[in-house]
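Participant: Model the following, please.
(2 chains)
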Amino acid sequence: MSVADATVALRRRVRRSPRTPLGLLLAGVAGAALAIVPIVFVALEARGVSASAAWHLLVRPRVGGLLANTLGLLAAATVTCSVVGVAAAWCVERTDVPWRHGWTVLLVLPLAVPEFVSSFGWVSFFPSMRGFWGALLVTTLAYYPFVYLPAAAMLRAGDPALEETAQSLGLGRWRTFWRVSVPQVRLAALGGALIIALHLLAEYGAFAQLRFPTFATEIYAEYQLGFDGASAALLSLVVVAISIVVLGGELGLRGRGRYARVGGGAARRPVRIRLGRGRPLAIAGLVALVALALGLPLTALAYWIAQGSSSTLPSGSIVGAAGTTFGLAAVAALTTVAIALPIALLAVRYPTPLSALLERCSYVARALPGVVIGLALVSFTVRAARPLYQTSAVLVLAYVILFLPLALAAARAALAQISPRLEEVAQSLGDRPARAFARTTLPLLTPGLAAAASLVFLSTVTELTATLLLRPTGTETLATHFWTYASALSYGAAAPYAAVMVGVSAIPTYLLVRQLDARTS
Amino acid sequence: MNAVSVSGLAKAFGATPVLDGLELEVPAGSFVAVLGASGCGKSTLLRVLAGFERADRGCVRIGEVVADDGVRRLPASRRRVGHVPQEGALFPHLDVRANIAFGLPRGERRGGARVAELIASLGLAGLERRRPHELSGGQQQRVALARALAPRPTVVLLDEPFSALDPDLRDRTRTDIRAALGELGTTTILVTHDQDEALSLADHVALLRDGRIAQAGTPQELYRTPADVDTARFLGDANLLPTTDGGLMLVRPEDLRLSPPEDGAWRTAVVTSVEYFGHDARVQLRCEDPPDAPALIARTTGGDTPDVGQRVSLALPPAAHLVPHSGTRG
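Facilitator: Residues are numbered from 1 along each chain as shown, chains lettered A, B, ... in the order given. As a prediction, the model looks like this:
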């Protein structure tokens, strides 16, 4: 269906809600159409494969091994992340471990280290750390904050009366923990675990370094070996299918999660459990966790930078790469927010079945790993838009599709805070609708949009996979420079690029901690 | 001349009719209250008048202009209808002065003569630089009204503007706003579910029920001579006594005079309960004769309250209004 056909069909359906401005609707349809370009192209590519060829490509030992690797790691890492994340959150929020705010910051900060940087840290120090166990260790240390954050929020806001009641009913300290505290955080932890699963499915760089083949690394490798579109498309569809299952689970959970948010107005602070002789043990555990998750990658970077400075470091190229990266990220951030805004407006202000559909289309990218989006855009430009092949425009388009869900969620949340009455009042005072929007909603929305833009900016700075596939020849970002040097084992040359990326990512990570503090104070 | 005139207005959401053949005339300079139970379509009526919803059928005139005839619709921005929503909806990013000046032409926004005038007449002096969150609920409502009045609208619509305020503040804000509107001579339509508010503030009250105006008139007309039983009950406590010819006689509680038992009284009754409010009291009575007579409600002044179980004589008021029995609706 062409965009024009779609628009006609959409207009017909929307007629019941006559207030939806046509311009807004067209902008929303265009944005959502952009977001589903990759999945449409992967599907078209895969359709060209005959059934028997597909059978041969999918049912072979290699694919079985990939499936076992991917699903095995998915199962193991979500469990280890949940255990580590909940245990750390409980120690910090509900026991008498000292220096709570400091621990919160330190335990969340590993999110600022891109996975391919922390795996670099491990591999550069322990070259033998490869395969499943290495991957499990590195991903656990990189991803446990996704469980830690919601679990800590839940434990901080949770009603201490529940635990007190359990104790008054004769349960001891540990049985109270298992039978009352853990069920309370279970939903929050499960939500975090599903986000981790999506990241694991999409991650390329870390697993390439750890020599642990997953679908993402295999798709990339097949692309590099010689462009076998059919095989890559089929493998992509498998990843997308697994992601959709995971995403469905997460959406289902979020609906139920609301019930779990009990007693938001509980003014009392949770009672902290005295650990007694266990306290040094808990502190030692937290120290070890922070040392491994944050200390080791940062030490590795510092060590290799020191080593590298003895050799001749091409300092000019890091400035150039930073300039290129920030420029691309700025364009991507502005474009993504501009595309997300109409979709958010439609979803919040004109809720119709159609606007819900547009919003869901825009979230489809959450199920698409960067490597799939990258490959789909390569074949899209080669087949349908040849002049765009190997241009920055396509790279920016990939960033837009990758990070549209991020921007949309932020814009939607900001918009939901603003009463639609304000625009109505402005209209009754003589403003035409567009002017009323510009004078009331837009200024109030600006901080939210700025937050959305910075999230996209910072995610773009550390994006590796799609950038590797789509960058124009000669264009180097911080991530690709790092990757080139790290792959060539020039650790000293690679480390400075990683250091800049970690420094930039520390900002949104710190904001996450601030958000946790603000929400629960 | 009418500032607003509505005829045959119909509006449905999906299959649910909300307004159905509504007629309303609002004379210029008057204060009209549209009174109705929650969910009767009051807010929808205001939103159609303001231009935020379109009419399915019927005709809405604002001043001389046809604003909506079910086919063509004048956009809200060109109606000259001021709107004060329930929650005030002040622009949170602007201070009091900028909020009030919002609807003025750019040149007038700077000079501020009109803004100064409204700040004075609504008692907002000294608050010009405050942001909405720094104002009390009553102050917010007065700013919202000043903002609506600034561009000199043909009519200003008040959508339950006092219901979010606590009782003490509500009374004072009501009095202030009524005084300011009277002074400025602005045509006003107030929508409310509170019959005390409607009766005490408005020149005319229109009772909205089942999507149409059940009765319109002065507060006295509606209270003393309601057209049907539902209207009589909605406007306050009502004793409805069957008459010999099948009609109902309306006796308001304050019309019943209580006196010590005496022979030859209209009725003799026993006090079954007393709710004491300080300034007055609501007294429930059981008639002794005939034994199957309906229970009665009387209102006495606070200084003259009977005790439960006490026997009293009742005097019939000199003139009572007859409500046609057929006026009863389900």
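Participant: Please work out which residue of the stretch 351-500 of chain A is closest to chain B.
Facilitator: Shortest the stretch 351-500 of chain A-to-chain B distance, computed as C-beta to the nearest C-beta: residue-wise this is residue A:429, at 2.9 Å. In this view, the C-beta of every residue, glycine as well, is placed from N, C-alpha and C.
Participant: for the residue nearest to that residue when sequence neighbours are not counted, helix, strand, or coil?
Facilitator: Nearest non-adjacent residue to residue A:429, counting by C-beta to C-beta, 6 or more residues apart in numbering or on different chains: residue B:103, 2.9 Å away. On the three-state scheme (DSSP: H, G, I helix; E, B strand; the rest coil), residue B:103 is labelled coil.
Participant: Test my guess that residue B:103 contacts residue A:430.
Facilitator: Yes. The pair residue B:103 and residue A:430 passes the contact test of C-beta atoms under 8 Å, sitting 5.2 Å apart.
Participant: When those two are compared, which one has more neighbours?
Facilitator: For residue B:103 versus residue A:430, the count of surrounding residues by other C-beta atoms under 10 Å in any protein chain shown is larger for residue B:103: 25 against 19.
Participant: Contacts only, for the more buried one.
Facilitator: Under the criterion of C-beta atoms under 8 Å, 6 or more residues apart in numbering or on different chains, the contact list for residue B:103 reads A:426, A:429, A:430, A:431, B:147, B:148, B:150, B:151.
Participant: picking that back up, now do the shared contacts for residue B:103 and residue A:430.
Facilitator: Contacts common to residue B:103 and residue A:430, judged by C-beta under 8 Å, 6+ apart, are residue B:151.
Participant: Please tell me how far residue B:131 sits from residue B:95.
Facilitator: Using C-beta to C-beta, to the nearest Å, one gets 6 Å for the distance from residue B:131 to residue B:95.
Participant: These two: who's more crowded?
Facilitator: Neighbours of residue B:131 and residue B:95, each counted by other C-beta under 10 Å, are more numerous for residue B:95; the result is 18 against 15.
Participant: Now that one. Its backbone dihedrals?
Facilitator: Its backbone dihedrals place residue B:95 at phi -80, psi -180, with angles given as degrees, to the nearest 10.
Participant: wait, it sits on residue B:129?
Facilitator: Yes. With contact taken as C-beta under 8 Å, residue B:95 and residue B:129 are classed as touching, separated by 5.3 Å.
Participant: For residue B:17, give me phi and psi.
Facilitator: Main-chain dihedrals, residue B:17, degrees, to the nearest 10: phi -70, psi 130.
Participant: Which secondary structure state does residue B:8 sit in?
Facilitator: Local secondary structure at residue B:8 is given as strand here, using three-state DSSP.
Participant: give me the element the residue lying closest to it once chain neighbours are set aside is part of.
Facilitator: Counting by C-beta to C-beta, 6+ apart, residue B:58 is the residue found nearest to residue B:8 once chain neighbours are left out, at 3.9 Å. Element membership for residue B:58, per DSSP states H and E: strand B:57-62.
Participant: next helix or strand past that strand?
Facilitator: strand B:65-68.
Participant: That following strand close to chain A?
Facilitator: No. Contact of strand B:65-68 with chain A (C-beta under 8 Å from any C-beta of the partner chain) is absent, the minimum separation being 12.0 Å.
Participant: Next one, pLDDT for the nearest residue to residue A:350 once chain neighbours are set aside please.
Facilitator: Counting by C-beta to C-beta, 6+ apart, residue A:350 lies nearest to residue A:20, which is 4.5 Å off, once chain neighbours are set aside. Residue A:20 carries a pLDDT score of 81 in this model.
Participant: wait, the residue nearest to residue B:8 sits on residue B:20?
Facilitator: No. Judged on C-beta under 8 Å, residue B:58 makes no contact with residue B:20 at a distance of 9.7 Å.
Participant: Residue B:241 should be in a helix, yeah?
Facilitator: No. Applying three-state DSSP, one finds residue B:241 to be strand, outside a helix.
Participant: So it is in contact with residue B:252, correct?
Facilitator: No. With contact defined as C-beta under 8 Å, residue B:241 does not count as touching residue B:252 (11.8 Å).
Participant: neighbour-wise, which of the two wins?
Facilitator: residue B:252 (20 against 15).
Participant: and the more buried one, what is it in contact with?
Facilitator: Contact criterion C-beta under 8 Å, 6+ apart gives B:223, B:224, B:236, B:237, B:238, B:239, B:299 as the residues in contact with residue B:252.
Participant: Now tabulate these in JSON lines and tack on secondary structure, distance to chain A and pLDDT.
Facilitator: Below are the contacts of residue B:252 laid out as JSON lines (DSSP: H, G, I helix; E, B strand; the rest coil; distance: C-beta to the nearest C-beta, whole Å; pLDDT from 0 to 100):
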{"residue": "B:223", "secondary structure": "helix", "distance to chain A": "32", "pLDDT": "94"}
{"residue": "B:224", "secondary structure": "helix", "distance to chain A": "36", "pLDDT": "92"}
{"residue": "B:236", "secondary structure": "coil", "distance to chain A": "32", "pLDDT": "90"}
{"residue": "B:237", "secondary structure": "coil", "distance to chain A": "36", "pLDDT": "91"}
{"residue": "B:238", "secondary structure": "coil", "distance to chain A": "37", "pLDDT": "90"}
{"residue": "B:239", "secondary structure": "strand", "distance to chain A": "42", "pLDDT": "90"}
{"residue": "B:299", "secondary structure": "strand", "distance to chain A": "40", "pLDDT": "91"}
